[in-house]
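Asker: Provided below for reference: sequence and predicted model.
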Amino acid sequence: MTYMAKPAASAALPTVRPLLAGRTPLIAILQVDRVEDALPLLEALEESGVPAIEVTLRTPQALAVIETMAKHARQAVIGAGTLTLPAHFAQSRDAGARFLVGPGFSPALAEAAYQTGLPFIPGAVSPSEILAAREHGFHELKFFPAELHGGPAWLKHMEPLFPDVVFCPTGGVTAANSRDFLQLPNVFAAGGVFMAPRQSVLDRDWAGIRGLATTALKLAAAA
Ligand SMILES: O=C(O)C(=O)C[C@H](O)[C@H](O)COP(=O)(O)O
């Protein structure tokens, strides 16, 4: 039988769950346009108790932002998001990211992920996509955009079919609905821009971001 699968020689990659252990598992997803915002933003999110920060590779400054945050983070784990090209993997690792996230899955991305040795969460929104990712050794998947693809109801349908797969929904997750996701047994984390919206970062509204993140974590912890 010759199907493309996890290269036999590769050891299983580490997973993201241990990085979140004991914390309320919300991931702040960021789009940062200025490197000089990295430190005050990190400080606001860490003070709020955010356990993980995903800096999306959507701005030219993203890798420099990851580098700055990764050097200074004390309580939050810094990862990279929007990985859609194999080259993004080594770039993110070299910048100091400790976990990697992508909106989708492909065998080429899987191979690049194995070469970094870092946890990678690829995206899936259908049983076939879950199968493809799982066949390559990925059991922590991103469910994106969660709101558009059925939200908690979709996750409930997947659970009996894939008891060995857990999800991080993003895309339409908010402070108000995060607990609907986090209560599900096949959800290990939830993420979104709601704790640090791009405009708040552009406005350097660190107090506002601190407030949003603190409230979000409080609501999520009630899950
Ligand atoms: O960049 C990626 O790889 C993504 O998949 C995008 C993020 O997960 C969403 O931007 C989060 O969704 P919102 O919080 O509704 O904006």
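Answerer: On my side now, so go ahead.
Asker: Show me which residues of the helix ranked longest in the chain are buried.
Answerer: Looking across the chain with DSSP state H, the single longest helix is helix 206-221. Buried residues in helix 206-221, counted by 16 or more other C-beta atoms under 10 Å: 206, 208-210, 212-214, 216-217, 219-220. Where you see a C-beta, it was placed from the backbone N, CA and C, and this is true even at glycine.
Asker: which among these gets closest to I78?
Answerer: Of all those, I78 sits closest to A213, with 15.2 Å by C-beta to C-beta.
Asker: Verify the contact between the closest one and I27 for me.
Answerer: No. When contacts are counted by C-beta atoms under 8 Å, A213 is not listed as touching I27 (11.3 Å).
Asker: Find residues that contact each of the two.
Answerer: V50 (C-beta atoms under 8 Å, 6 or more residues apart in numbering).
Asker: Next, give phi and psi for E54.
Answerer: Reported as degrees, to the nearest 10, the phi and psi values for E54 are phi -110, psi 110.
Asker: Run a quick neighbour tally on the spatially closest residue to it that is not a sequence neighbour.
Answerer: Spatial nearest neighbour of E54, excluding adjacent residues (C-beta to C-beta, 6 or more residues apart in numbering): G81 at 4.1 Å. G81 is flanked by 29 other residues according to other C-beta atoms under 10 Å.
Asker: Looking at strand pairing, list the partners for G81.
Answerer: Going by DSSP bridges, G81 is paired in beta bridges with T56.
Asker: How confident was the prediction at it?
Answerer: Note on G81: pLDDT of 98.
Asker: Now for it: which residues touch it?
Answerer: Contacts of G81 (C-beta under 8 Å, 6+ apart): 29, 54-57, 100-102.
Asker: ok, it to A28 distance?
Answerer: G81 sits 10 Å away from A28, going by C-beta to C-beta, to the nearest Å.
Asker: the helices in the protein, which residues?
Answerer: Taking DSSP H, the helices of the chain run over residues 17-20, 38-48, 62-72, 87-95, 107-116, 127-135, 151-158, 178-182, 198-202, 206-221.
Asker: For A189, which of those is the nearest?
Answerer: Short answer: helix 17-20, nearest of the helices of the chain by C-beta to C-beta, at 6.0 Å.
Asker: Run a quick neighbour tally on whichever residue of the chain sits closest to the ligand.
Answerer: Using C-beta to the nearest ligand atom, G192 is the residue of the chain that sits closest to the ligand, at 3.1 Å. Here the count is done by other C-beta under 10 Å, and G192 has 25 residues near it.
Asker: Chain neighbours aside, what residue packs nearest to it?
Answerer: Nearest to G192 is V173, by C-beta to C-beta, 6+ apart, at 4.1 Å.
Asker: tell me the contacts of the closest residue to R98 other than its chain neighbours?
Answerer: Counting by C-beta to C-beta, 6+ apart, V77 is the residue found nearest to R98 once chain neighbours are left out, at 5.2 Å. Shown in contact with V77 (C-beta under 8 Å, 6+ apart): 19-20, 51-53, 98-99.
Asker: So which of those wins on neighbours?
Answerer: Highest neighbour count within the contacts of V77, by other C-beta under 10 Å: I53, with 28 neighbours.
Asker: so what's that one up against?
Answerer: Going by C-beta under 8 Å, 6+ apart, I53 touches 27-28, 30, 42, 45, 69, 73, 76-79.
Asker: quick one, what contacts the residue of the chain closest to the ligand?
Answerer: Counted by C-beta under 8 Å, 6+ apart, G192 has contacts 27, 29, 170-174, 178.
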